[in-house]
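Undergrad: got a sequence here, can you build the structure:
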Amino acid sequence: QVQLVESGGGLVQAGGSLRLSCAASGRTFSSYSYSMGWFRQAPGKERELVAAMSWSGRRTYYADSVKGRFTISRDNAKNTLYLQMNSLKAEDTAVYYCAADEKLLPKEYTYWGQGTQVTVSS
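TA: Predicted structure coming up:
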């Protein structure tokens, strides 16, 4: 089993920055090469994949809406995933979830965190 805990959310003005963290733990986490990603879900909208990264870090994915503003990174020694969010917009307001899966950048992820709220005021 894998546990994921997000942190770093909060209230920020438009144009500001936030850095989200996702700490992973569990007996199997160190035994497999997990892809990890950040999803978000705004009120009344479907959950969307924002960014994802392979275990090695060599492969990444970004949604068009965040390209050039968000940067995903990971520190495998610390079992931690990050999302640096710059130039935030009101439309970035959502609950952000961390996810992990043993497959390489899958469409569906197996393990999920509880989420952290990001609110961008305009």
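Undergrad: quick one: the most centrally placed residue in the chain and Arg27, what's the gap?
TA: The centre of the chain sits closest to Trp38, judged by Cα atoms, centre = their mean, with a distance of 2.3 Å. Distance check for Trp38 against Arg27: by Cβ to Cβ, to the nearest Å, it reads 24 Å. For every residue, glycine as well, the C-beta is placed using N, CA and C.
Undergrad: over to Thr60?
TA: Thr60 is 27 Å from Arg27, where distance means Cβ to Cβ.
Undergrad: give me the more crowded residue out of the two.
TA: Thr60 (14 against 9; other Cβ atoms under 10 Å).
Undergrad: touching, the more buried one and Met53? I think so.
TA: Yes: with contacts counted by Cβ atoms under 8 Å, Thr60 reaches Met53, the gap being 5.0 Å.
Undergrad: and for those two, which residues touch both?
TA: Counting by Cβ atoms under 8 Å, 6 or more residues apart in numbering, the shared contacts of Thr60 and Met53 are Ile72.
Undergrad: show me the contact partners of stretch 62-73.
TA: 37-38, 48-53, 57, 60, 81-88, 91-92.
Undergrad: restricted to buried residues, select the residues you listed in PyMOL.
TA: Of these, the buried ones go into a single PyMOL selection, burial set by 16 or more other Cβ atoms under 10 Å:
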select buried, resi 37+38+49+50+51+52+53+81+82+83+85+88+92
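Undergrad: now the residue lying closest to Tyr34 once chain neighbours are set aside: which helix or strand?
TA: Leaving aside its chain neighbours, Tyr34 sits nearest to Ala100 (4.5 Å; criterion: Cβ to Cβ, 6 or more residues apart in numbering). Per DSSP states H and E, Ala100 falls inside strand 94-101.
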